[in-house]
Structures are given as structure tokens and as C-alpha cells.
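Novice: One predicted model, sequence on top.
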Amino acid sequence: MTQRTQANNYRPAALNRRQFLGAALGAGAAISFSPSFLALAQESTLITRAIPSTGEMIPAVGLGSSATFAQIARSEDISALRSVLSRMAELGGRVFDTAPGYGASEEVAGAIAQELGIHETLFWATKLNVAQRGGGAADPVAARAQLEDSFQRIGKPVIDLIQVHNMGDPVVQLGLLRELKEQGRIRYLGITTTFPEQYASLIDVMRNEPLDFIGTDYAVDNREVEEVILPLAMERGIAVLNYAPFGRTRLWTRVGDRPVPDYAHEFDAHTWGQFFLKFVLSHPAITAVTPATSRPSNMEDNIGGMLGRLPDAAMRQRMIATVDALPSA
């Protein structure tokens, strides 16, 4: 992978960066840490964020299981996924986002987490969608079956979060999730989309349904959700999981082999990955960000996005200007 003033709701996590550093270096981390990063790791704590509906604190950077994670989950050799999940847990990450729609990701990750003995401590965020994209109705029987498959794969009697995936028939599928929440089988429920043409429907659901979470895309060069969705989440007390903070691969293509700007040290970003993650996390509506990866070194770099300072409003504008001046992907 290319080189990769505090915001609201910053609170320290229990794992401090001395522990992070010991875990990273003790396991022979593949990433090369700079002296300034090492000093920061000795002094800082992980950034955590509160889930508005309960106040529960979760680490602000986790792991997604689409993209390359999903590709490897379909292969015969899943050792890289075992390593990346183990690495996240060792370094204090807990939020793991998956979905039945990501192929084998949910099943493979569930088996690995149980093998590693971390399935009970992870914050599991999975999804439900048996409806067709574009408004197709959901079959309640099929939806219930998909939910039971998720419980079996994850191996926990109570799943932390299940969200309706990509706005699939909210009437039926949010109703099923409310039933599970009332039964105590899930702790939080929500709905997701990363499709701009579905934003209006998402906004409607946010205004009219009781939600704990939404999941949506947001990046330094993809800021449309700042207009209505993120402010509405803050107004309604809805947590936000961020997807695609790197624009999937778009931002890596745009930066190429350029060095990280010198000013990034002012908010403790030492790689482009941390630059992009800290931009997302500096928005007060964002609860956690879950970039997908299948590489332990990338996981370490991403966890570094929870170190130290975050950019303030003026710095955010400077970051936007830097990225806007790059060639389009």
C-alpha cells in the first residue's frame, strides 16, 4: 500500500500506546515506524467514541471485511485474515464490520475469531438484506434464516450490531431487527448505504425510525454526506460507522508515491492512511471507521490513526485543498 487540536468526543481508551507499541514491535511489525511515531506511541491513548444511544465507548478505528478481505476469504489460504484479525485485537481494535453479502467474509471471520478466542470481545457489526437493490420486497422467512446463519457463524448468543444493508426493504427488515433487539438478541440496530442515489431514502429512515447506527461512505474527497446525513445523525443521536475512508482505492491512486505533507505532523499523521483516517475521525458525527484490509501491516497503520491529535476545522480545509489539487483517479 502507498505510504499511508482534538475533535469532539475524544476520550482515552484503556489500552495505552505503550501497550500498542509493545504489541506491534513484539510481534515483528512489518510497518516501519518513524521516531516521532514511536514517541507518540509511548505517550498517547487510543481514541474512542461514544455510541449516542447508550454512551458505550468503542475504539474509533476497526476493520471491514469487503474488498481484499472478502477476496481472500473465498480462497483456500486464509492465514492472512487470521493475522489481520489477531493484529487488530492485539493493538486494541474491536469493531469488526461484515455482512452475508460479502461472500465468505462473515463465515470465515467468525471461525477465525472463535479459533483465536476473540469472538466474545470483538464488537460485531453485521448486516441483513434479502431484498433486491432498487426496492424489492424482503421475504421475512428468508430474512430470519439469514439472521440465524449470522448468529451461527459469529458464535455469540448476542450480536452487537445488525444493520439493514443498502436500504433493503426497511419496513420488513428493520421490523425484524427491532424484534431481535426487544428479545435481547442484538444490542444495536441500524441501516446502511454507500450509494448516493439512496441517500434520500436513508435520510427519510433516519428522520422516521428509531436507529442506533447508520453506516455510510465518507472520505476527504467524498463529502456529500456532510450536507444532511452527518448533521442529522448528530441531531438524532445516531452513531455513524464510516465505510470507504480511502475511497476504496481511489485516494491511493490519487496520491501515488507523493510524500505525506509536512503539516500532517501537526495532527500526528505519519502516513497517508493516517492522514485520510484522521480527516474522517475529525468529524464529530463519526463514531468509528472500518477500512477493509487483509494485511497486518495495513492494520497497524490504520490503528495508528487512533493516535494523538486530530485536525481542527482550519486544518480540515487545508487537507481538502491538498487532496483537491491532486490528479483525479
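Specialist: Looks like it arrived, so ask away.

Novice: would you list every one of the helices in this structure?
Specialist: Assigned by DSSP state H, the helices in the chain fall at 17-26, 35-43, 67-73, 79-90, 105-116, 140-154, 170-182, 199-208, 229-236, 250-255, 272-281, 296-303, 313-324.

Novice: Now the third one: buried residues?
Specialist: Buried residues in helix 67-73, counted by 16 or more other CB atoms under 10 Å: 67-70, 72-73. Backbone N, C-alpha and C define where each C-beta goes, glycine included.

Novice: Can you list the helices and strands that it packs against?
Specialist: In terms of contacts (3 or more CB pairs under 8 Å, 6 or more residues apart in numbering; DSSP states H and E), helix 67-73 is packed against helix 79-90, helix 105-116.

Novice: And the longest one, by the same measure?
Specialist: Of the remaining helices and strands, those touching helix 140-154 by 3+ CB pairs under 8 Å, 6+ apart are helix 105-116, strand 123-128, strand 159-164, helix 170-182.

Novice: quick one on the thing from earlier: can I get the buried residues of helix 67-73 in TSV with distance to Ala292 and pLDDT?
Specialist: Putting those into TSV (distance: CB to CB, whole Å; pLDDT from 0 to 100) gives the following:
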residue	distance to Ala292	pLDDT
Ala67	4	88
Thr68	7	90
Phe69	5	94
Ala70	8	92
Ile72	11	95
Ala73	11	94
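
Novice: Which of those residues lies at the shortest distance from Glu235?
Specialist: Ala67 (31.6 Å; CB to CB).

Novice: what sits opposite the nearest residue to the closest one once chain neighbours are set aside in the beta ladder?
Specialist: Sequence neighbours aside, Ala292 is the residue nearest to Ala67 in space, at 4.3 Å (criterion: CB to CB, 6 or more residues apart in numbering). Taking DSSP bridges as the rule, Ala292 bridges to Gly64.

Novice: Quick check: the gap between Ala292 and Glu90.
Specialist: For Ala292, the distance to Glu90 equals 19 Å [CB to CB, to the nearest Å].

Novice: Arg316 too?
Specialist: 31 Å.

Novice: so where's the stretch 1-150 of the chain uncertain?
Specialist: 1-44, 134 (pLDDT under 70).

Novice: any idea how far Asp204 lies from Gln114?
Specialist: Counting by CB to CB, the gap from Asp204 to Gln114 is 38 Å.

Novice: again, but for Pro261
Specialist: 43 Å.

Novice: ditto for Phe123
Specialist: Phe123 is 16 Å from Gln114, by CB to CB.

Novice: Make a markdown table from the helices and strands packed on helix 67-73 and add mean neighbour count to it.
Specialist: Shown next, in a markdown table, are the helices and strands packed on helix 67-73 (neighbours: other CB atoms under 10 Å):
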| stretch | mean neighbour count |
| --- | --- |
| helix 79-90 | 21 |
| helix 105-116 | 21 |
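
Novice: As a markdown table, the ones you listed with distance to Ser282 would be great.
Specialist: Shown next, in a markdown table, are the helices and strands packed on helix 67-73 (distance: least, CB to CB, whole Å):
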| stretch | distance to Ser282 |
| --- | --- |
| helix 79-90 | 22 |
| helix 105-116 | 29 |
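
Novice: out of these, nearest to Leu310?
Specialist: Leu310 lies closest to helix 79-90 among the helices and strands packed on helix 67-73, at 20.5 Å (CB to CB).

Novice: just to revisit the earlier point, which one of the buried residues of helix 67-73 is nearest Pro327?
Specialist: Proximity of the buried residues of helix 67-73 to Pro327 (CB to CB) peaks at Ala67, which lies at 22.5 Å.

Novice: hang on, isn't that closest one packed against Arg295?
Specialist: No: judged on CB atoms under 8 Å, Ala67 makes no contact with Arg295 at a distance of 11.4 Å.

Novice: In stretch 53-60, which residues are buried?
Specialist: For stretch 53-60, by 16+ other CB under 10 Å, it's 53, 57-60.

Novice: what residues does that stretch touch?
Specialist: 11, 13, 46-51, 92-95, 123, 188, 212, 237-239, 281, 286-289, 305-306 (CB atoms under 8 Å, 6 or more residues apart in numbering).

Novice: which helices and strands sit right next to the longest strand seen in the chain?
Specialist: Scanning the chain for the longest strand, with DSSP state E as the assignment, gives strand 186-193. Under the contact definition 3+ CB pairs under 8 Å, 6+ apart, strand 186-193 sits against strand 159-164, helix 170-182, helix 199-208, strand 213-217, strand 239-243.

Novice: strand partners of it, parallel vs antiparallel please.
Specialist: Using DSSP bridges, the strands paired with strand 186-193 in its sheet are strand 159-164 (parallel), strand 213-217 (parallel).
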